[in-house]
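> sharing a model that was predicted from the sequence below.
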Amino acid sequence: MPRTVDENKDGANTSVFRTGDKVRLNISQTEIRTKLDRNFKSQLSLCALLEDIADSLPNNISRNNCLLAAQNIQPIVEAAHTFEEQYLFPLLLEDKTRQKELKPVLARLHAEHCEDESYSTEIVDALEELAADQLANIDKISYMLRGFFEGMRRHIAFEQEHLLPLLAMDHDPK
């Protein structure tokens, strides 16, 4: 999906980002950091819930936890990824001195987002089957859950360690 920053007649960046056909107003780095922190907490809470479910297998399954996770996994993951790609990634690419270095990193993170979103669909199906007591292969769901939440934790750790420091809070225009 192409992302561009509008330029005014002098070639300077304006405060509008285009993502596909949608226009997003620029927000401050402080607001971006705050939203990212909230998204990370939501995703990590989801990971903890998925780990609890995996640890409860095969004998102590909470059907309610399975349904809760199934209902929330896609909205949480997709909202976090959309926010990063619409606000964080374009902001980081504004720094022309880092563009060459960041483009492949952000492309890799985008690919991971796509994989996580696809994988989350399979996990929803498995969690719904588990909640309905229809899942025949407990080892399969355990493996799926652990692979998903460990991958998500690694992804978040990378973003926290490598992308967040690039947000210069002291240069925030607001």
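Received the coordinates, thanks. Numbering: from 1, shown residues only.
> tell me what the helix or strand containing Leu68 is packed against?
Applying DSSP states H and E as the criterion places Leu68 in helix 63-83. Contacts defined by 3 or more CB pairs under 8 Å, 6 or more residues apart in numbering; DSSP states H and E place helix 63-83 against helix 29-56, helix 99-131. From N, CA and C alone the C-beta is placed, and that goes for glycine too.
> what would those helices look like in TSV with mean pLDDT?
Output for these, formatted as TSV (pLDDT from 0 to 100):
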stretch	mean pLDDT
helix 29-56	96
helix 99-131	95
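> circling back to that earlier point, for the helix holding Leu68, buried residues please.
Neighbour counts over helix 63-83 (16 or more other CB atoms under 10 Å) mark Asn65, Cys66, Leu68, Ala69, Ala70, Ile73, Ile76, Val77, Ala80, His81, Phe83 as buried.
> could you check the angle helix 99-131 makes with it?
Angle of helix 63-83 versus helix 99-131, following axes from the mean of the first three to the mean of the last three CA atoms, to 10 degrees, is 160 degrees.
> so after helix 63-83, what's the next helix or strand?
Beyond helix 63-83 toward the C-terminal end (DSSP H and E), the next one is helix 89-93.
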